[in-house]
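Asker: Need a 3D model of the sequence below.
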Amino acid sequence: MMQTNNKKGLLFIISGPSGCGKGTVCNELLARNKELKLSISATTRDMRAGEQEGVTYFYITKEEFEKLIEENQLFEYNCGYSGKYYGTPKKYVFDNLDAGKDVILEIEMNGAAKVKEQYPDGILIFLAPPSLEELHSRLVGRGRESAELIAERFNEAKAELQRVDSYDYAVVNDNLIEAVEDIEAIIRAEKLKVKIMSHKVKDLIK
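Answerer: Sure, this is the predicted structure:
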């Protein structure tokens, strides 16, 4: 559907509060646009049934991960309650961008800020729920967290909604297809910016 018009690809960072539907929206976006590449995270946890190396995650040892940290080869990383590392390798993203492919990075909000800080050309897209009531309903509907954790995530989400001004675009995820179409429109608009298209226009007079 959307072809890359410039030599270097674009990085689209999709983020928002827990429960806003980032995973669902990104899955639909990638299904509709096969040319888009999903950024793949690295982790030190074990591979689970049905997962694939280089598809679900890059599975590496703790020593390998810590070497990436030392060499500044990660946009961002964190260590979960389990003691396992998760992070976004720069190499995979840059290899795809340099090959002219557009990359989608689905990430939580603190990670998104770190990526933007290190790669200012990244385009930040804030995914918002249609209402706080719907957000709470989605958090409960996932059915995988305690009432206490749901309440904690809900309060965090309310605070995170205040951070929308630091983003380039905002999309309300009320209807899945409409939200995906809004993001597709953002991608098309970014490809038509003068910094990308100017050489094509100037080529007309050569």
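Asker: Just want the most central residue of the protein.
Answerer: When C-alpha atoms, centre = their mean is applied to the chain, the residue found nearest the centroid is residue 106 (2.1 Å).
Asker: Pretty sure that one sits against residue 24.
Answerer: No - here residue 106 does not reach residue 24: they are 10.2 Å apart, not a contact under C-beta atoms under 8 Å. All C-beta atoms are positioned from the backbone trio N, CA, C, and that covers glycine.
Asker: just the strands in this structure please.
Answerer: Secondary structure of the chain (DSSP state E): strands located at 11-15, 37-38, 42-43, 58-59, 74-79, 85-89, 103-106, 123-128, 169-172.
Asker: Let me have those strands in TSV, extended by mean pLDDT.
Answerer: Written out in TSV, the entries for these read as follows (pLDDT from 0 to 100):
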stretch	mean pLDDT
strand 11-15	98
strand 37-38	97
strand 42-43	96
strand 58-59	97
strand 74-79	95
strand 85-89	97
strand 103-106	98
strand 123-128	98
strand 169-172	98
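Asker: low-confidence ranges in the chain?
Answerer: Within the chain, the ranges that satisfy pLDDT under 70 run 1-6.
Asker: Can you give me the domain assignment for it?
Answerer: By the assignment in automatic domain parsing, the chain contains the domains 1-36+107-206, 40-100.
Asker: Reformat the ones you listed as TSV; add mean neighbour count.
Answerer: Output for the domains of the chain, formatted as TSV (neighbours: other C-beta atoms under 10 Å):
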stretch	mean neighbour count
domain 1-36+107-206	15
domain 40-100	15
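Asker: measure residue 127 to residue 118 for me?
Answerer: To residue 118, residue 127 is 21 Å away according to C-beta to C-beta, to the nearest Å.
Asker: sorry, that was for residue 32
Answerer: According to C-beta to C-beta, residue 32 and residue 118 sit 29 Å apart.
Asker: got it, and residue 192?
Answerer: Per C-beta to C-beta, residue 192 is found 26 Å from residue 118.
Asker: Repeat that for residue 25.
Answerer: 24 Å.
Asker: Check the chain for its longest helix and report it.
Answerer: Determined from DSSP state H, the single longest helix within the chain is helix 176-191.
Asker: all helices of the protein, in order?
Answerer: Under DSSP H, the chain gives helices at 22-32, 62-70, 90-98, 109-118, 132-141, 147-160, 176-191, 194-202.
Asker: quick one: contacts of the fifth one?
Answerer: Counting by C-beta atoms under 8 Å, 6 or more residues apart in numbering, the neighbours of helix 132-141 from elsewhere in the structure are 17-21, 129, 145, 150, 153-154, 157-158, 174.
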